[in-house]
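Engineer: Need a 3D model of the following:
(chains A and B)
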Amino acid sequence: MKCERIAITEKAADVVKRLKVRHGNLIFHQSGGCCDGSAPMIFEEGDMYLDDSDILLGHLEGANYYMNQDQFEYWKHTHLTVDITEGRGSSFSLEIPLGLRFIIHSRLLTDEESTELNK
Amino acid sequence: MGYSKPEFKERHGNFINGKFVDPVGGEYFDNTSPVDNSLIAKYPRSQKEDVDNAVAAANAAKDAWGNTSAAERAGLLNKVADIIEANLEEFALVETCDNGKPIRETINADVPLAIDHWRYFAAVIRAEEGSATELDANTLSIIIREPIGVVAQIIPWNFPLLMLSWKLPPALAAGNCVVLKPAEQTPSSATLLLEKIADLFPPGVINVIHGFGPEAGKPLASHTGVDKVAFTGETTTGQLIMQYASKNLNPVTMELGGKSPNIFFNSVMEKDDAFLDKAIEGAVLFAFNQGEVCTCPSRILVQEDIYDAFMDKVIERTEAIIQDNPYDVNTMLGAQASNDQYEKILSYIKIGKEEGVKVLTGGEACKLDGDLANGYYIQPTILEGHNKMRVFQEEIFGPVVCVTKFKDEAEALEIANDTLYGLGAGVWTRDAHQLYQIPRAIKAGRVWVNCYHAYPAHAPFGGYKKSGFGRENHLMMMNHYRQTKNMLISYDKNKLGFF
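Structural biologist: Residues are numbered from 1 along each chain as shown, chains lettered A, B, ... in the order given. All right, here's what the predicted structure looks like:
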């Protein structure tokens, strides 16, 4: 079985689908730092300048999920599940006007996953 | 119990061109209190058209405002300070209601500090001078500072009135007009301030628009009618704002948070005296403002030979924290600012446990009774682990501190600097050499030495590394809001002789 670094809950996937209808193709970017940092943000594809320093973790509902490589160094032993919760974030993330906020649940990669993903 | 929830109007407007106005699209959002999740009021859900109007008002006002005298601008800034001071308790209550922080902090820290920042910048522009340099006998170089024009400011929700007061006074003092967007979680104190100072400044000098980041924040940050953007927040939005600014070739300043180390050398325990007591409090300051501070001392590093004895005292002091109704004057720890923050903090505690931290105290949500059961409370939490764990590397923005030990100065510095960020740090020691050498070796913009969490005006504050750039709370910030005009004057009557 092929291992994945990221997954998405059904409820969060529904929100991505809703946003896609309105905004077209989307990407996730994992933020760091204060206030609304340490949370995933979703943008229209092309809005954010991405390059080799952004690691592609996987695809969720057709949206690529990126994280800066510096941050990835500390995250690479964990599996991430994108979920959605009620809330009022303040960033440019597109779900905020819905009164919702994407959040991350994490668990450690299993030995098998770690061997395959971090070889 | 000292206070209760203040009263609000049902609905508020944007403040554009000297008046409160309805949003063009007629849409509003509900702002709730994290104390008990109750409704505070409706605020405008602004769109690009509202931003356009605010930016146009600021541009129409900028020439006249930029030509006012320093004495006039300083006088107005001092009046704002006087008005906040005369209504200190009202501002403190609104801030507690909107953000969830305890009333003893808003009365004693947030509002008094905000007042002082207005007075500091009023004083700065009366004292500072340009320069004139005689480059040779006939050539004079005169440097005059001119306002940059229209400044966009986007501020966070952790210290709503104080962040406004870090941003607005230097921009206004420098002669700029401003369009400010408060965070959508905490629009109330900015609105209260504008209600009280509505007639003070000429129309268009201060404009405040409310709304969501993608709908109002992005059009503001990318607006071609803006000459500079100042932002406090996190890294992804920071990058986006820099991108938008690059299209307009606009300067930006950014404050993007940190993962600040608070280092305790063994000499702190040489005596059981007032200084040790201060150092213990210094470690427990991670819980100040529910940990929702960009410089939260969220990593405690303790020298190994005092580790157990020191941490026993820190745990004891942490467990004595009173977490209760934020309106109660005895409450030390209040509510997290919103549900998504609350969920995020709990999710970090969970991954910390999976990564193998030892929970020394706390580690759970805090369930309060009655209406407060709907609020967002988390126990002050100490996690023991090592610096490569995610909880040691990411800003949790809650009352959660991670603790680890070090054997000597070299290891303390290695751990302290092993972070993507460089905003704040704390160093605690009785050793005269360490007092100077350790702060110099830490890559952070602010190192508190034998103190922590002091934010006086007159001391520059800003980040290294991914914590951003620019220095606030100091006259240095004025030059982030100004152009430098150089007049190069020749008093030589003779031509160059080239043509």
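
Engineer: mind listing what's buried in the longest helix seen in chain A?
Structural biologist: What stands out as the longest helix in chain A, according to DSSP state H, is helix A:10-23. Residues of helix A:10-23 classed as buried by neighbour count (16 or more other CB atoms under 10 Å in any protein chain shown): A:Ala12, A:Ala13, A:Val15, A:Val16, A:Leu19, A:Lys20. Bear in mind the C-beta positions are built from the backbone N, C-alpha and C, glycine included.

Engineer: Find the residue ranges of the stretch 351-499 of chain B scoring beneath the pLDDT cut-off.
Structural biologist: Within the stretch 351-499 of chain B, no stretch falls below the threshold (pLDDT under 70).

Engineer: which residue ranges form the strands in the stretch 301-450 of chain B?
Structural biologist: B:358-361, B:381-384, B:400-406, B:421-422, B:424-428, B:446-449 (DSSP state E, counting those that start in this stretch).

Engineer: helices or strands up against the second one?
Structural biologist: In this case it means strand B:381-384. Using 3 or more CB pairs under 8 Å, 6 or more residues apart in numbering or on different chains; DSSP states H and E as the contact test, the elements touching strand B:381-384 are helix B:307-319, helix B:339-355, strand B:358-361, strand B:400-406.

Engineer: The ones you listed: which one's closest to chain A?
Structural biologist: Comparing the helices and strands packed on strand B:381-384 by their distance to chain A (CB to the nearest CB), the top pick is helix B:339-355, with 2.7 Å.

Engineer: Please identify the buried residues of the closest one?
Structural biologist: B:339-349, B:351-352, B:355.

Engineer: Run through who's touching that helix.
Structural biologist: Applying CB atoms under 8 Å, 6 or more residues apart in numbering or on different chains, the set of residues contacting helix B:339-355 from outside is A:38-39, A:78, A:85-89, A:101, A:103-108, B:34, B:37, B:291-292, B:336, B:359, B:363-365, B:376, B:378, B:381, B:383, B:385, B:389-391, B:394, B:396-398, B:400, B:402.

Engineer: Enumerate the residues of the stretch 201-350 of chain B near chain A.
Structural biologist: Among all residues of the stretch 201-350 of chain B, those adjacent to chain A (criterion: CB under 8 Å from any CB of the partner chain) are B:212-215, B:217-218, B:232-240, B:243, B:256-258, B:292-294, B:338-341, B:343-344, B:347-348, B:350.

Engineer: which intervals of the stretch 1-150 of chain B have sub-threshold pLDDT?
Structural biologist: Screening the stretch 1-150 of chain B residue by residue with the criterion pLDDT under 70, one finds the ranges B:1.

Engineer: the helices in the stretch 201-350 of chain B, which residues?
Structural biologist: Under the criterion DSSP state H, counting those that start in this stretch, the stretch 201-350 of chain B contains helices at B:218-221, B:235-248, B:274-284, B:307-319, B:339-355.

Engineer: How about chain A?
Structural biologist: If you assign secondary structure with DSSP H, the helices in chain A sit at A:10-23, A:69-75, A:111-117.

Engineer: would JSON lines of the ones you listed with mean pLDDT and distance to chain B be doable?
Structural biologist: Output for the helices of chain A, formatted as JSON lines (pLDDT from 0 to 100; distance: least, CB to the nearest CB, whole Å):
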{"stretch": "helix A:10-23", "mean pLDDT": "97", "distance to chain B": "9"}
{"stretch": "helix A:69-75", "mean pLDDT": "92", "distance to chain B": "4"}
{"stretch": "helix A:111-117", "mean pLDDT": "92", "distance to chain B": "13"}
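
Engineer: closest to A:Pro97 out of the ones you listed?
Structural biologist: Judged by CB to CB, the one of these that comes nearest to A:Pro97 is helix A:10-23, at 10.1 Å.

Engineer: Could you measure from the closest residue to B:Lys358 other than its chain neighbours over to chain A?
Structural biologist: Counting by CB to CB, 6 or more residues apart in numbering or on different chains, B:Glu384 is the residue found nearest to B:Lys358 once chain neighbours are left out, at 4.3 Å. In this structure, B:Glu384 and chain A are 18 Å apart, going by CB to the nearest CB, to the nearest Å.

Engineer: Relative to A:Gly89, how far out is B:Glu384?
Structural biologist: Taking CB to CB, to the nearest Å as the measure, B:Glu384 falls 30 Å from A:Gly89.

Engineer: Just the CA coordinates for stretch B:221-236, please, in CSV.
Structural biologist: Once non-C-alpha atoms are left out, stretch B:221-236 reads as follows in CSV (Å, rounded to 0.1, in the frame of the first residue of the first chain):
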residue,chain,number,x,y,z
ALA,B,221,-2.6,45.0,1.2
SER,B,222,-2.5,45.0,-2.6
HIS,B,223,-4.1,48.4,-3.2
THR,B,224,-2.3,50.6,-5.7
GLY,B,225,-3.3,53.7,-3.7
VAL,B,226,-1.3,52.6,-0.7
ASP,B,227,2.3,53.5,-0.3
LYS,B,228,3.4,51.2,2.6
VAL,B,229,2.1,48.2,4.4
ALA,B,230,2.7,47.2,8.0
PHE,B,231,1.6,43.8,9.2
THR,B,232,1.6,41.8,12.4
GLY,B,233,0.6,38.1,12.1
GLU,B,234,2.0,34.9,10.7
THR,B,235,4.4,33.8,8.0
THR,B,236,2.1,32.7,5.1
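
Engineer: tell me the mean pLDDT for that stretch?
Structural biologist: The average of the pLDDT scores along stretch B:221-236 is 96.

Engineer: Can you classify the residue nearest to the spatial centre of chain B by secondary structure?
Structural biologist: With distances taken as CA atoms, centre = their mean, chain B has B:Met163 as the residue nearest its mean C-alpha position (4.7 Å). In terms of secondary structure, B:Met163 is helix; the call rests on DSSP: H, G, I helix; E, B strand; the rest coil.

Engineer: Quick check: closest non-adjacent residue to it.
Structural biologist: Closest residue to B:Met163 in three dimensions, ignoring its sequence neighbours and counting by CB to CB, 6+ apart: B:Ile155, at 4.2 Å.
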